[in-house]
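In: mind looking at a prediction? Sequence and model below.
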Amino acid sequence: MYLSKLTLEQFRPYERLELSVPPQGMRITGRNASGKTSVLEALVLLSTMRSSRATSDRELVRWSSGVEYGLPPYARIEGIVQTAANERHAIGVSIEVDAGRENHSRKRYRLDQHATRAHDLIGVLKCVLFSPEDVLLVSGPPAERRRQFDILASQIDRSYLQALSRFGKVLSQRNSLLKSFARERVQPRDPRAIAELTFWDEQFVGPAAYLVAARLSSAARLSSMIAQRSATLMDGASIEFQYVPKMKTPEAREGESGADTRRRVVSALADQLQLARTDEFRRGLTLVGPHRDDFVFALDGRELALYGSRGQQRLGILAYRLSEGDLIAELTSERPILLLDDVLSELDGVHRDRILRAVLADNCQVLLTSTDASLLDNAALRHLPLMIAADGAVEAA
Ligand SMILES: Nc1ncnc2c1ncn2[C@@H]1O[C@H](COP(=O)(O)OP(=O)(O)OP(=O)(O)O)[C@@H](O)[C@H]1O
Ligand SMILES: [Mg+2]
């Protein structure tokens, strides 16, 4: 899959940008703050309907948007996508800031000129981003790893996305019920409280088990891909990636269907909720479930967050990102676009060459950025057009 055209209007520093992108991709260089990351961010937005870095959509709308004509600020992002099956799709996202309420905005979505929901648009464009902030994936809190894994799984499986959204709603209802029990010191044997909680337990276990079962199977596959990727990138060292569910999961059974695994996870989860009930009443929150899962990275048996050098952490994360691409390609028959934001700095020449070789071997569209044009001037990359970002434009060097 590749993006053939990107149009930005009032997005970040761009008043208007129309960028044609060749199937093989491009190199983008430019000084700090010239708008390189903003281009990649726009692609991530078109893929996941969320920014890779902003906490609020307002940040994405150009500061001076709307000022000139006295209109409410807005931003528009549109991409033309060509799929492996030779289909062409136009994906559009617009952000409209409420008149008079600066911090309120709404997003609208379009697929092939028709209004649609975010849910139906997520994953139409598939991409994998590697950025320097990704160190958080190794050294940050578990929530960050869950978020990243959820983004990956949602690009592969729409039912995962549905389960995730349902799970979030049920979890918050269940938590507020437990919170009220804790506040009012309701006893875990109180039949009315049990009846109320049982209702939410029934709503909870289905989507929770869907997430856990999907994480079990995808993480296992991803883990073997990461081991392979890291062996080629890192002098034979091996990155181990492991899913650490909060619940005790049933033993894997060879050749079992997804539905059967889910049934066994549902029943294990229901048992564990029973066991945790007294604690949950006391503490006022849900103690078992996928919202407390984690994933760990290790390098030859040692936790990467604690013992890995900066370069090793970067390479480990790169192995993870490339494997995300492998998993998406295996399960959807579409190789995602690879977005490499400033990956080459901080790595030595040998590792840089290995990364570029690995990236190009995949034959996917690649967009790379660097402030340092000489890092992009690598023999392996010369077939990619070199673009310069400056003054709200991206133009051929
Ligand atoms: N909503 C916005 N409206 C206008 N300008 C913005 C907005 N948000 C960010 N900017 C500015 O856009 C510029 C480009 O940011 P971007 O992160 O894309 O640059 P970059 O080329 O990736 O820089 P670096 O090399 O430092 O990573 C910055 O000057 C930033 O302050
Ligand atoms: Mg940047």
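Out: Perfect, I can see it now. Ligands and ions are numbered 1, 2, ... in the order given.

In: sec struct for residue 207, please.
Out: What DSSP: H, G, I helix; E, B strand; the rest coil gives for residue 207 is helix.

In: same question for residue 367.
Out: Following three-state DSSP, we place residue 367 in the strand state.

In: again with residue 387
Out: Per three-state DSSP, the secondary structure class of residue 387 is strand.

In: list the contacts of residue 215.
Out: Listed by C-beta atoms under 8 Å, 6 or more residues apart in numbering, the contact set of residue 215 reads 149, 153, 243, 245, 290, 293. C-beta coordinates here come from the backbone N, C-alpha and C atoms, glycine included.

In: convert the C-alpha atoms of stretch 207-218 to CSV, please.
Out: C-alpha atoms of stretch 207-218 as CSV (Å, rounded to 0.1, in the frame of the first residue of the first chain):
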residue,chain,number,x,y,z
PRO,A,207,-14.7,-7.7,25.4
ALA,A,208,-12.0,-8.2,28.0
ALA,A,209,-11.4,-11.8,26.8
TYR,A,210,-11.4,-10.7,23.2
LEU,A,211,-8.5,-8.3,24.0
VAL,A,212,-6.6,-10.8,26.1
ALA,A,213,-6.9,-13.6,23.5
ALA,A,214,-5.9,-11.4,20.7
ARG,A,215,-2.9,-10.1,22.7
LEU,A,216,-1.9,-13.6,23.5
SER,A,217,-1.8,-14.7,19.8
SER,A,218,-0.5,-11.5,18.2
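
In: return the set of buried residues in stretch 269-277.
Out: Judged by neighbour count (16 or more other C-beta atoms under 10 Å), stretch 269-277 contains these buried residues: 269, 270, 272, 273, 276, 277.

In: can you list contacts of that stretch?
Out: Among residues not part of stretch 269-277, those counted as contacts by C-beta under 8 Å, 6+ apart are 188, 197, 201, 204-205, 208-209, 212, 247-248, 280, 287-289.

In: redo that, cut-off 6 Å
Out: With contact meaning C-beta atoms under 6 Å, 6 or more residues apart in numbering, stretch 269-277 is reached by 188, 201, 205, 208, 209, 247, 287, 288.

In: spell out which residues of the stretch 151-300 of the chain are next to ligand 1.
Out: Taking C-beta under 6 Å from any ligand atom as the criterion, ligand 1 has no neighbours within the stretch 151-300 of the chain.

In: give me the distance between residue 222 and residue 243.
Out: Between residue 222 and residue 243 the computed distance is 9 Å (C-beta to C-beta, to the nearest Å).
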